[in-house]
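Peer 1: Have a look at this prediction, sequence included:
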Amino acid sequence: MDAFLQFVFSGLTVGAVYALVALGFTIIYNASDVVNFAQGEFVMLGGMITWFAHDAGLPLWAAALIAIALTSLVGVALNKLAIEPARGAPVISIIIITIGASILIQGAAQLVFDKQIHRYPAFSGDAPIEVMGATILPQSIWVILGALAVFVALWLFFTRTLMGKAVLATANNRLAAQLVGIDTGGIMTLSFALSAAIGALAGVLVTPITLVSYDVGVALALKGFAGAMLGGMGNPKGALVGGLVLGLLEALTAGYLSSQYKDAVAFIVILGVLFVMPQGLFGKTAAERV
Amino acid sequence: MSKWIQLAILAALIAILPVFFPSGYYYRIGALVFVNGIAVLGLVILIGFAGQISLGHAGFAGIGAYACALAPEQFGLHPALALLLGAVLSAGIAALIGRPILRLKGYYLAVATLGFGILVAMTIQNERALTGGPDGMAVEELGLRDLLRDLGWRVSGGEFWYGVCGIALLIGAWIALNLRDSPTGRAMRALHGSEIASRTLGIDVARQKLVAFVISAVFASVSGSLLALQNRYITPDVAGFMHSIELVTMAVLGGAGSVMGGIFGAAILTLLPQVLTVLADYEQVVLGVIMVTVMIFMPQGLLPSIARRLRRTRK
């Protein structure tokens, strides 16, 4: 039982990061029908910039804020330079564009920062907290609470604010949204900034546990993408649940079956779910327009 | 351009280029272009003709490569037969998983194929006792070169594989060009345009997608096998996610809708890293910029866009 709880804790921590990446995917997908494979790079930038700012002498909170702000700018630039000009391109072109952007950001990070692995201190110390015979790091609690907070904030944003509803309207029908006076260009910018900020936040929170280097983004993007698809693309609830389930599956597989095949189980489950429910767990079945 | 002219141009290029090679090393690069080109031809059929995405085709390349590495070692099979075995195995697996996977569309199809590729790569990486894990394993010599030598024809390893892979690429291009205008190829391209319209015309959409998937899997498998046989060594990278992405990028960058475009893309992206090594640290940045800009400004891919521009200026 203790062991089980231990696996659950580590699964929730990793899952919360996947969920944050998946939420970032969801926001951009909702606004533009684009799956942004450079999403993992936002997480990397969040961790890297925080480390460098902290290393330069800034307090950790200031470094984190700078990292989130700068990463948002990168997100906006990505939209303006690569996504907007290619609007309406087929899915495969979008995939290649965003993977190209991901390679580009990685390459730039190598040049601007370095190729080393970095870590900064945890926010509330490293002393493990004991819970019913298992232990959890204070930083893990930060990560899990961070994911939940972001989810609740997004939920409020999309259901309770005019701006949030404008984003949903833009996603639903861009032209119609424009006709009722919504600044759809501004909504796109906002979506990319928000998504990048959430990715950066994930990086800020998780770096004390998993460390950061210029090349951590790709794996995170794949897992976040898988989590988002598992939950059903475009649904924030699906992203949260999909990410957490993916993390738990990995941790439990690593604990009880084989640590080498932990990623395998995740993908087998995803394949299984998609075969039975081609739209993911929470996805709506879309009618195809002829 | 007619099929035969295209094939003739390709054959002429393969035959003439070695004249300009300053050293034997270039034969190896050429052979690598051809090997990638074969896998890309499969993706041209899958993506360009049938309009289906795969982010996991390196998985089939991995199956082909490790068939050539394992079958001779484990069962004493001749490497040439191992290539066939790999192709049959890939076709079988593609047929098996293709049916459920190809029901998915767009990004869902992308994540499912991605999952398949990762599963193959992970299996190869983790079954250390069999595959040597991440360190890779040695591959037996094909033995054909010794045969040629006994017949009195001495060729270097580089020249030999340049020739073999060049011929394989020509055969692949011939198959792809034939397929394009066959009833099957027309059906594939029709369902690419609109699944519903082609269904009302009596096309068995699920079947045509599956055919495209199986054919492209065989192309990828043969490409992996040839890579393993010429390098005499293979690592799990051949099945990795990045290799899948490379192949798709080659196909789409060159022009997924056209056979020659795919080969052109394979050549560009295989040669690019060789050229970019001069840039050292800037290599990744430049590669990323090229991928993004080509896709934005030439969504049809390099070769079709260039061809259209030439045609326009002629008018």
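Peer 2: Yep, it's here. If you're wondering where the values come from, they're calculated on a predicted model, not measured in any experiment.
Peer 1: Please enumerate the strands of chain A.
Peer 2: Assigned by DSSP state E, chain A shows strands spanning A:129-131, A:134-136.
Peer 1: As a markdown table, these with mean neighbour count, distance to chain B and mean pLDDT would be great.
Peer 2: C-beta here means a position set from N, CA and C on the backbone, and glycine is covered the same way. Shown next, in a markdown table, are these (neighbours: other C-beta atoms under 10 Å in any protein chain shown; distance: least, C-beta to the nearest C-beta, whole Å; pLDDT from 0 to 100):
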| stretch | mean neighbour count | distance to chain B | mean pLDDT |
| --- | --- | --- | --- |
| strand A:129-131 | 12 | 32 | 83 |
| strand A:134-136 | 17 | 28 | 85 |
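Peer 1: In a markdown table, list those along with distance to B:A173.
Peer 2: Shown next, in a markdown table, are those (distance: least, C-beta to C-beta, whole Å):
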| stretch | distance to B:A173 |
| --- | --- |
| strand A:129-131 | 63 |
| strand A:134-136 | 58 |
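Peer 1: Mind exporting the C-alpha coordinates of the helix or strand of chain B with the lowest mean pLDDT to PDB?
Peer 2: When each helix and strand of chain B is scored by mean pLDDT, DSSP states H and E, helix B:144-150 comes last, with a mean of 78. Below are the C-alpha coordinates for helix B:144-150, written out as PDB (Å, rounded to 0.1, in the frame of the first residue of the first chain):
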ATOM      1  CA  LEU B 144      27.100 -10.000 -53.200                       C
ATOM      2  CA  ARG B 145      30.300  -8.000 -53.700                       C
ATOM      3  CA  ASP B 146      32.400 -11.100 -53.200                       C
ATOM      4  CA  LEU B 147      30.300 -12.700 -55.900                       C
ATOM      5  CA  LEU B 148      31.000  -9.800 -58.300                       C
ATOM      6  CA  ARG B 149      34.700 -10.100 -57.500                       C
ATOM      7  CA  ASP B 150      34.700 -13.800 -58.300                       C
END
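Peer 1: does whichever helix or strand B:R312 is part of come close to chain A?
Peer 2: Element membership for B:R312 (DSSP states H and E) is helix B:302-314. No: Helix B:302-314 lies apart from chain A when judged by C-beta under 8 Å from any C-beta of the partner chain; the minimum separation is 12.6 Å.
Peer 1: For that helix, which helices and strands make contact with it?
Peer 2: If you count contacts as 3 or more C-beta pairs under 8 Å, 6 or more residues apart in numbering or on different chains; DSSP states H and E, helix B:302-314 packs onto helix B:241-254, helix B:259-276.
Peer 1: Let me know which of those helices is the nearest to B:F297.
Peer 2: Proximity to B:F297 (C-beta to C-beta) singles out helix B:241-254 among these, at 11.8 Å.
Peer 1: model confidence over stretch B:268-285, on average?
Peer 2: Averaged across stretch B:268-285, pLDDT comes to 82.
Peer 1: tell me which residues in that stretch are buried?
Peer 2: Neighbour-count burial for stretch B:268-285 flags B:I268, B:L269, B:T270, B:L276, B:E283, B:Q284, B:V285 (criterion: 16 or more other C-beta atoms under 10 Å in any protein chain shown).
Peer 1: Then stretch B:63-73?
Peer 2: Of all the residues in stretch B:63-73, those buried under the rule 16+ other C-beta under 10 Å are B:I63, B:G64, B:A65, B:Y66, B:A67, B:C68, B:A69, B:L70, B:A71, B:P72.
Peer 1: returning to what we had before: helix or strand right after the least confident helix or strand of chain B?
Peer 2: The helix or strand immediately downstream of helix B:144-150 is helix B:157-180, counting by DSSP H and E.
Peer 1: how far out from the middle of the chain is the helix or strand following that next one?
Peer 2: Counting by DSSP H and E, the element after helix B:157-180 in chain order, helix or strand, is helix B:183-193. Put simply, helix B:183-193 sits 21 Å off its chain's centre (C-alpha atoms, centre = their mean, to the nearest Å).
Peer 1: What are the contacting residues of helix B:183-193?
Peer 2: B:45, B:49-51, B:178-180, B:197-199, B:201, B:203, B:205, B:208-209, B:211-212 (C-beta atoms under 8 Å, 6 or more residues apart in numbering or on different chains).
Peer 1: Select only the buried ones of these in PyMOL?
Peer 2: Selecting only the buried entries of the contacts of helix B:183-193 in PyMOL, with 16+ other C-beta under 10 Å as the criterion:
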select buried, chain B and resi 45+49+50+51+179+180+198+203+205+208+209+211+212
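Peer 1: Same list, the contacts of helix B:183-193, but only the ones touching chain A.
Peer 2: B:A197.
Peer 1: residues contacting the closest residue to B:T270 other than its chain neighbours?
Peer 2: Closest residue to B:T270 apart from its sequence neighbours, by C-beta to C-beta, 6 or more residues apart in numbering or on different chains: B:V33 at 4.6 Å. Residues counted as contacts of B:V33 (C-beta under 8 Å, 6+ apart) are B:A266, B:A267, B:T270, B:L271.
Peer 1: In the stretch 101-250 of chain B, what residue lies closest to chain A?
Peer 2: Closest residue of the stretch 101-250 of chain B to chain A, C-beta to the nearest C-beta: B:G115 (3.7 Å).
Peer 1: If you drop the residues flanking it in sequence, what lies closest to that residue?
Peer 2: A:F267 (3.7 Å).
Peer 1: What of B:R199?
Peer 2: Nearest residue to B:R199, sequence neighbours excluded (C-beta to C-beta, 6+ apart): B:V205, at 5.4 Å.
Peer 1: OK, contacts around that neighbour?
Peer 2: B:V205 makes contacts with B:L191, B:E195, B:S198, B:R199, as judged by C-beta under 8 Å, 6+ apart.
Peer 1: Just to be sure, which of the residues you listed are found in helices?
Peer 2: Counting by DSSP state H, these place B:L191, B:E195, B:S198, B:R199 in helices.
Peer 1: got those residues as a markdown table, with pLDDT and distance to B:S2 columns?
Peer 2: Converted to a markdown table, those look like this (pLDDT from 0 to 100; distance: C-beta to C-beta, whole Å):
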| residue | pLDDT | distance to B:S2 |
| --- | --- | --- |
| B:L191 | 88 | 25 |
| B:E195 | 85 | 30 |
| B:S198 | 88 | 26 |
| B:R199 | 88 | 31 |
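Peer 1: Could I have the CA atoms of the strand or helix carrying B:G115 written out in CSV?
Peer 2: Here B:G115, judged by DSSP H and E, is contained in helix B:106-126. The C-alpha coordinates for helix B:106-126 follow below in CSV (Å, rounded to 0.1, in the frame of the first residue of the first chain):
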residue,chain,number,x,y,z
GLY,B,106,-5.8,14.2,-38.8
TYR,B,107,-4.1,14.7,-35.5
TYR,B,108,-5.6,11.5,-34.0
LEU,B,109,-4.1,9.5,-36.8
ALA,B,110,-0.8,11.3,-36.1
VAL,B,111,-0.7,10.4,-32.5
ALA,B,112,-1.7,6.7,-33.2
THR,B,113,1.1,6.2,-35.7
LEU,B,114,3.4,8.1,-33.4
GLY,B,115,2.6,5.7,-30.7
PHE,B,116,3.3,2.7,-33.0
GLY,B,117,6.7,4.1,-34.0
ILE,B,118,7.6,4.7,-30.3
LEU,B,119,6.6,1.2,-29.3
VAL,B,120,8.8,-0.4,-32.0
ALA,B,121,11.8,1.9,-31.1
MET,B,122,11.3,1.1,-27.4
THR,B,123,11.1,-2.7,-28.0
ILE,B,124,14.4,-2.6,-30.0
GLN,B,125,16.0,-0.4,-27.3
ASN,B,126,14.9,-2.5,-24.4
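Peer 1: from memory B:G240 sits against B:V120, does it?
Peer 2: No: using C-beta atoms under 8 Å, B:G240 makes no contact with B:V120, being 9.4 Å away.
Peer 1: what touches both of the two?
Peer 2: Common neighbours of B:G240 and B:V120 (C-beta under 8 Å, 6+ apart) are B:A58.
Peer 1: Which residues of the stretch 1-150 of chain B lie near chain A?
Peer 2: B:47, B:53, B:55, B:100-101, B:103-108, B:110-112, B:114-116, B:118-119, B:122-123, B:125-126.
Peer 1: now these: which count as buried?
Peer 2: For the residues of the stretch 1-150 of chain B next to chain A, a burial check counting by 16+ other C-beta under 10 Å picks out B:47, B:53, B:55, B:101, B:104-108, B:110-112, B:114-116, B:118-119, B:122-123, B:125-126.
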